[in-house]
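1. what's the 3D shape of this:
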Amino acid sequence: MNMNELDKKGFMWGVATSSYQIEGAYDTDGRGPSVWDTFSHKKGNVKNNDNGDTACNHYNFWEEDIELIKKLGVNSYRFSLSWPRIFPKGTEKKVNQKGIDFYQTLIDTLLSKGIDPVLTLNHWDMPQGLEDIGGWTSRNVTEEFTRYAYYISKHFGDRVKNWITHNEPWCISHLGYVQGIKPPGLKNAWGKSILVAHNLLLSHGLAIPEIRNNSKNSKVGITLNLNTAEPASESKYDKEECNFYDLQFNKLYLEPLYNKKYPEELFKELKNRKLINDNDLSFINNDDLKIISTSTDFLGVNYYSRAVIRNNDISENKNDEPLIELGDKTDFDWEVYPKGLFNLLLQLKENYSVNEIIITENGCSYNDSPNENLEIKDQRRIDYHQSHIDQMFKAIEQGVNCTGYFAWSLMDNFEWAQGYSQRFGLIWVDFKTLERIPKNSFYWYQKLISSVEN
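-> Residues are numbered from 1 along each chain as shown. Just a heads-up that it's a prediction; the model follows:
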């Protein structure tokens, strides 16, 4: 299969962003603080003590940014709403109208230029007011999210036809409660991490009927960051650790969404490691898994690299099998492994019968900067995207119903705990002047899309 054999009308070529990473204007027009405002303002949480107060100032530069999206030639744009722009504390009974107005103008402008909005409700920047009452460890917050989904779909459901409830719940639950590098910054709180994963999935299931009632003939899904897990060697120690990783990274989310059950093997292993006890699982109510497994229209997949898992608790002398060879690394030290995307897509089709998949994020960090002619030669980024798109087509040839590809990201932005040190964008951003300069990868993607659609 080649690109010209795709369903030209049905396939989504896009770019993706998220609100906290690009918008800035953190205290403008009634926006309340998010958990990321709080987390990034605490010294030591983010590299160079960076924060998203200004970011790319998309809140004020949105017209220029939409013109760049139009110039790029994509037919779809995935972005997220800043939840505290709509409900500044999270518990208000009325929306913040200025927040609604901003996104309404953004959506209408996109549509006027032939670009379909793909809207993510939660890309991590939950109102701090909800964190103050327990955050995602509180079942009450699932109700607040459902109410938020109702109001957003009520306002925009006549125009937005592709909805994503949550982006990467693993990052919220595991990185926020086990590794401590995302809000609220707790470490080794495995019991809370599992509870948070559950409440995120539950709120996803609760939000689906609200969105469908308010947005007729639309599609609703969730986006998971997924990868293929491979042991670093053939040793039993690495294989066991790899299985544990796969359980907590992939199966903790895929099993309840598609098979209406949690991976009991994970809970058993967590108990064996004395990371949780029976009481830590008492939050699962009778109908929860039925709600979580509410049928979705698509699964959003964020893929960046494979996971090569080593058991670091075993000494090198004991765990001495030869290590597998790794490929080139990005500037973020992530391995470039495009075949992993093919393998993952086939696994989702065969193991979970996923009816439709959209690649909602795929990208790489390289810190190429402008030369004296203001040209940004980022051939490695071009090679990365091309190789992954090739693997996506290969999976489509094998019967995977993949209907979209979104490059991460439209522009360089605030990269969470890495601050402004990692650049994923097709557009280079000068974070002092906020000047935008399209990279060579921007023009490559523009040409690729044009060759498909003409």
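
2. CA only for contacts and neighbour counts going forward, please
-> Will do.

3. so in the protein, which helix runs the longest?
-> helix 190-214 (DSSP state H).

4. buried residues in that one?
-> By neighbour count on 16 or more other C-alpha atoms under 10 Å, the buried set for helix 190-214 is 190-212, 214.

5. repeat that for stretch 358-372.
-> Residues of stretch 358-372 classed as buried: 358, 359, 360, 361, 362, 363, 364, 365, 366, 367, 368, 369 (neighbour count, 16+ other C-alpha under 10 Å).

6. quick one: distance of it to the chain centre.
-> 16 Å (C-alpha atoms, centre = their mean, to the nearest Å).

7. can I get it in PDB, CA atoms only?
-> Presented in PDB, the C-alpha positions along stretch 358-372 are these (Å, rounded to 0.1, in the frame of the first residue of the first chain):
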ATOM      1  CA  ILE A 358      -5.900   6.800  15.400                       C
ATOM      2  CA  ILE A 359      -2.200   7.600  16.000                       C
ATOM      3  CA  THR A 360      -2.900  10.700  18.100                       C
ATOM      4  CA  GLU A 361       0.800  11.300  18.900                       C
ATOM      5  CA  ASN A 362       4.100  10.300  17.300                       C
ATOM      6  CA  GLY A 363       7.200  12.300  17.300                       C
ATOM      7  CA  CYS A 364      10.800  12.900  18.500                       C
ATOM      8  CA  SER A 365      12.900  15.500  20.200                       C
ATOM      9  CA  TYR A 366      15.900  16.900  18.400                       C
ATOM     10  CA  ASN A 367      17.400  20.300  19.300                       C
ATOM     11  CA  ASP A 368      18.200  21.500  15.800                       C
ATOM     12  CA  SER A 369      18.300  25.300  15.700                       C
ATOM     13  CA  PRO A 370      18.200  28.000  12.900                       C
ATOM     14  CA  ASN A 371      21.300  28.500  10.900                       C
ATOM     15  CA  GLU A 372      22.500  31.900   9.600                       C
END
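
8. now do it, average pLDDT.
-> Here stretch 358-372 scores 98 as its mean pLDDT.

9. pull the residues that contact that stretch.
-> Here stretch 358-372 makes contact (C-alpha atoms under 8 Å, 6 or more residues apart in numbering) with 16, 78, 223, 298-304, 330-332, 376-378, 380-381, 384-385, 402-409, 422-425, 428.

10. check stretch 139-151 too.
-> Here stretch 139-151 has contacts from 83, 87, 90-91, 95, 121, 130, 134-136, 199-200, 202-204, 206-207, 210-211, 214, using C-alpha under 8 Å, 6+ apart.

11. before we move on, back to that, of the contacts of stretch 358-372, buried ones?
-> By neighbour count, with 16+ other C-alpha under 10 Å, those hold 16, 78, 223, 298-304, 330-331, 376, 378, 381, 384-385, 402-409, 422-425, 428 as buried.

12. looking at these, which are in helices?
-> Judged by DSSP H, the buried ones among the contacts of stretch 358-372 include 381, 384, 385 as members of helices.

13. now those in CSV, with distance to residue 145 and pLDDT?
-> Output for these, formatted as CSV (distance: C-alpha to C-alpha, whole Å; pLDDT from 0 to 100):
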residue, distance to residue 145, pLDDT
381, 36, 98
384, 36, 98
385, 34, 98
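
14. residue 441: which of those residues is nearest?
-> Within those, the smallest distance to residue 441 is 6.5 Å, found for residue 381 (C-alpha to C-alpha).

15. tell me the spacing between the closest one and residue 363.
-> Residue 381 sits 8 Å away from residue 363, going by C-alpha to C-alpha, to the nearest Å.
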